[in-house]
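Peer 1: sequence plus predicted model, see below.
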Amino acid sequence: MKPIWAYLRKHPLSILLLAFPLAFFARVGGWGSGWVFVFSAVGVIPMAGYIGEATEVLAELTGPKIGGLLNATLGNAAELIITLVAIRAGLLELVKASITGSILGNLLLVLGTAMVLGGVKNGVQHFDKKQASSHATLLTLAVLALVIPSVFSSSIGPINSQGVEELSLGVAVVMIVLYGLGLLYSLKQPSNPVTYPAVEHKTRGSTIWKAIMMLAAATLGVVILSEWLVGSVEAVVANTGLSEFFLGIILIPIVGNVAEHLVAVQVAIKNKMELSFEIAMSSSLQIALFVAPLLVFISLLMGNPLTLVFDSFELLALVGAVLTAVLVSIDGESNWLEGSALLGVYLILGIGFFLLPG
Amino acid sequence: MKPIWAYLRKHPLSILLLAFPLAFFARVGGWGSGWVFVFSAVGVIPMAGYIGEATEVLAELTGPKIGGLLNATLGNAAELIITLVAIRAGLLELVKASITGSILGNLLLVLGTAMVLGGVKNGVQHFDKKQASSHATLLTLAVLALVIPSVFSSSIGPINSQGVEELSLGVAVVMIVLYGLGLLYSLKQPSNPVTYPAVEHKTRGSTIWKAIMMLAAATLGVVILSEWLVGSVEAVVANTGLSEFFLGIILIPIVGNVAEHLVAVQVAIKNKMELSFEIAMSSSLQIALFVAPLLVFISLLMGNPLTLVFDSFELLALVGAVLTAVLVSIDGESNWLEGSALLGVYLILGIGFFLLPG
Amino acid sequence: MKPIWAYLRKHPLSILLLAFPLAFFARVGGWGSGWVFVFSAVGVIPMAGYIGEATEVLAELTGPKIGGLLNATLGNAAELIITLVAIRAGLLELVKASITGSILGNLLLVLGTAMVLGGVKNGVQHFDKKQASSHATLLTLAVLALVIPSVFSSSIGPINSQGVEELSLGVAVVMIVLYGLGLLYSLKQPSNPVTYPAVEHKTRGSTIWKAIMMLAAATLGVVILSEWLVGSVEAVVANTGLSEFFLGIILIPIVGNVAEHLVAVQVAIKNKMELSFEIAMSSSLQIALFVAPLLVFISLLMGNPLTLVFDSFELLALVGAVLTAVLVSIDGESNWLEGSALLGVYLILGIGFFLLPG
């Protein structure tokens, strides 16, 4: 038992792996969809952590160029898997809600918590102003790229008409190209501080094979848990009165990103606000400018085409979150009051989505 | 007669106290609701000034901590009394219009006039960039806290349904907490320049009792005048064709804040833009993040629950005003062109609200 | 033939003058409205260039004061003529679309292209931060001055009711006054770099008469071509399925401004981003705060009153364009990524307007 305890002390989230068998028993034992939902959701947390860890190791071994690409594609892998499973199940509204929720979670919850805890411990914290300005520009583009097709589509035709589909595809191409240009720009910067010591070399010495095995196993785990999670959503909505919106916007994104979120907050407490800011911003941009348009293409191939037509509440939430985050970060400084404001906006949105009928 | 003339030369606004008996005679003499409205409104101006003066004296005598709290609660006392009387009379739309109007008045009319006159006299004027950034963050939060429940509530239920009431209460709690955190942050700043020499020690030597008496008398006066003012609103709307919107958004907020407004403009002319900016911003934030949510709670106790569901015109006006004020102030500098732009936005909104049918 | 070749090498756009006779033959020969539209549009390009050139010469000869006024009134002459012809023909939606499109074109297409090409060639480019801040303030005012009457008018009355007309006239007065104040402010700046060496002294030695003749001939040319262009619009819309929106927002503004656009991009490549930024911003502001309100007055005299009631798609496009342009420029720096973001927003809007039904 001793090595297990030592391991757990080092990787406390691993204890949440127990949720995997519990979710299994909840399903076969007929404990009710609520338990299936909760255990599946909790089980995703450590798995997402392992995917992140394995990606880090591979990124370190393959050098910065391919490593950056790996991070870009696998960074939100758990998220991507859950949404793909939801698309196959035809839960397109849940998918859009969870895209929205991931962006909100990163910009408001994660950045807010990081700024509050980091600011209380370290006073005013600083990060690169030019990087903040690039992020602000791309975030504004991203939010416009989600708002414009949503607003235009109402006059173009019904949500799955050819015109709306073409609009989504066209906008998706522009978004992915801009995301690529953003990565290119960031790589070309002279002293680019975007090194993610997310696992802080805990895994040094792991071989490439160990990492690939870990990646494969954790991915498989997330796929299975996502099936269970998504399968239980409709019953949960029916039984608890919680709206699909609330599950998609608040609960699912938190689950898919807990590991990453913890890292962002920890480094802020250690007064590395630069890195914390980078994690939250990159993750938001990745979801908005890469995952969202990618899902437009993949969903088309899967026969359940997802269009970039978001609900007006989601759009308001996105615009509000981006405006606040841009305003807070544009001066390259943060303090606990700015963090509190971000959390305040998150709370207000959370109350709103909670009260929205299903 | 000599000492009265000397007093009037020092306190020219005191002459407006004559409006009090005129308002009384207008009511009993049946001069028509228009005269009652005008004289009651004008009578509030010097009373609000006396409340402000008494608050200053008490704040000076009680030290900065309690003084700050006194300023925070009594700073918009006249405003608060008018709105409470309007809530009791069931004129909830008038209340929301006057909340909106107070914020617009401070951000556009007062700040605009201060920047124009200050800029023409003194050229480019400066104020603290970090303070401007904190204010910008809280203002953005405030506007989101008013926009989000307004937009969400349409899908939650009718304006006085339980869901909308819960949303308003929840958001109000978040707003007051954030306002408190903002005060705390501002108090903890090393060299906080937020000292309001609004009365410029004219009252030095006044005893605490004189101040309390003045406060009590002026408050009573505002209560009486507010009753007459609010009581005449419906007849004025019916007779003049002016909309309740226009009265609430443009006229009432000007009346409740004239004394404060004059101070902000005077100090800008004396090249203390820092203080002028602080007065206009603090007052806006106080109304948005403290008075508005407080009214949600008080109105509930009074049995006429006010919800944070604003009209789309009010929301557009608030968003526009905050955007412009943030943009103008974020660089810590002002000039007469920026002031003119603020006044321009105020004028455009004023024309719009004037033409809106009642 | 030799001097003609030499002239064409120096003024390559002059070859497009051939479009004038082609447009004529297309009309009389019955080639179809598509060809009339294309040739008339292409023919406007060199004419607009000549008007700009003549204005430069006159501005140089009359000194900076009157010259500035000339530039302000004639700078968008081609644009103004096309819109006046469209107003007389009753195509008011086309007029508003082309006002919107000119602003979008300057802020997104021209500034974006200039920042991309300038940034790729010269790295990070700089321009005056204070000037950028003034422009940002006036642009925000301009966009609010277009959004507010559009939103308010729906509750004031139908689009040509007296109330909406009064609102448009009132707002138009505020806009023109602000534009005048903006010019005054810019003239009073100590070292104002707003010298437009657009024609780079190619015309030195031209006499004032030559310039006036050129101005008269080019203006006449634009008037004739505008008649043909506007006359063909409805048939083009009916035959091609392109919406009046798309023609007005994307095609017509490009045509009216090609010459100016080329100059802005060329100077950015020569690392004079300051001038490039100034051209794009001044032109946007001129259209938004001067041409648009001027058209409100002129159209009233012409008996076809234009109101400032824009479509919600146009408003979204304007708000998005101004937000992005302000964010990109507020730090006084530009790079190719920021330019790409501007072009990205333009592309997304272009796809949206293209797919919008006529």
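Peer 2: Noted; the coordinates are in hand.

Peer 1: quick one: name the residues of the stretch 201-350 of chain A near chain B.
Peer 2: The stretch 201-350 of chain A comes close to chain B at residues A:312-313, A:316-317, A:320, A:323-324, A:327-328, A:330-331, A:333, A:335-338, A:340-341, A:344-345, A:347-349, as judged by Cβ under 8 Å from any Cβ of the partner chain. For every residue, glycine as well, the C-beta is placed using N, CA and C.

Peer 1: report the buried members of those residues.
Peer 2: With burial judged by 16 or more other Cβ atoms under 10 Å in any protein chain shown, the buried subset of these is A:313, A:316-317, A:320, A:323-324, A:327-328, A:330-331, A:333, A:335-338, A:340-341, A:344-345, A:347-349.

Peer 1: for residue A:316, what are its contacts?
Peer 2: B:147-148, B:151 (Cβ atoms under 8 Å, 6 or more residues apart in numbering or on different chains).

Peer 1: what about chain A: which of those touch it?
Peer 2: The subset of the contacts of residue A:316 within reach of chain A, by Cβ under 8 Å from any Cβ, is B:147-148, B:151.

Peer 1: what is the nearest of those to residue A:283?
Peer 2: If you rank those by distance to residue A:283 using Cβ to Cβ, residue B:148 comes first, at 23.4 Å.

Peer 1: show me what contacts the closest one?
Peer 2: A:316-317, A:320, A:348-349, A:352, B:171.

Peer 1: at 6 Å instead, please
Peer 2: A:348, A:352 (Cβ atoms under 6 Å, 6 or more residues apart in numbering or on different chains).

Peer 1: give me the pLDDT value at the residue of the stretch 1-150 of chain A found nearest chain B.
Peer 2: Taking Cβ to the nearest Cβ, chain B has its nearest neighbour within the stretch 1-150 of chain A at residue A:124, 8.4 Å off. Note for residue A:124: predicted pLDDT of 90.

Peer 1: buried residues in the helix or strand hosting residue A:233?
Peer 2: Under the criterion of DSSP states H and E, residue A:233 resides in helix A:208-240. Using 16+ other Cβ under 10 Å as the test for burial, helix A:208-240 gives A:211, A:214-215, A:218-219, A:221-222, A:224-233, A:236-237.

Peer 1: which residues of the stretch 201-350 of chain A fall in strands?
Peer 2: Counting by DSSP state E, counting those that start in this stretch, residue ranges of the strands within the stretch 201-350 of chain A are A:333-334.

Peer 1: okay, and the helix or strand of chain A with the least pLDDT?
Peer 2: helix A:2-10 (a mean of 75; mean pLDDT, DSSP states H and E).

Peer 1: rounded mean pLDDT for whichever helix or strand comes after it, please.
Peer 2: Helices and strands here follow DSSP H and E; after helix A:2-10, the next one along the chain is helix A:19-28. For helix A:19-28, the mean pLDDT works out to 86.

Peer 1: flag every buried residue along helix A:19-28.
Peer 2: Applying 16+ other Cβ under 10 Å to helix A:19-28 flags A:19-20, A:22-24, A:26-27 as buried.

Peer 1: now do stretch A:7-15
Peer 2: A:11, A:13.

Peer 1: ends of that stretch, how far apart?
Peer 2: Distance between the boundary residues of stretch A:7-15 (Cα to Cα, to the nearest Å) amounts to 10 Å.

Peer 1: what's next to that stretch, contact-wise?
Peer 2: By Cβ under 6 Å, 6+ apart, stretch A:7-15 touches A:46, A:49.

Peer 1: before we move on, what about stretch A:306-315?
Peer 2: With Cβ under 6 Å, 6+ apart as the test, stretch A:306-315 has contacts from A:92, A:96, A:100, A:146-147, A:149-150, A:153, A:159, A:164, A:168, A:171, A:295-296, A:299.
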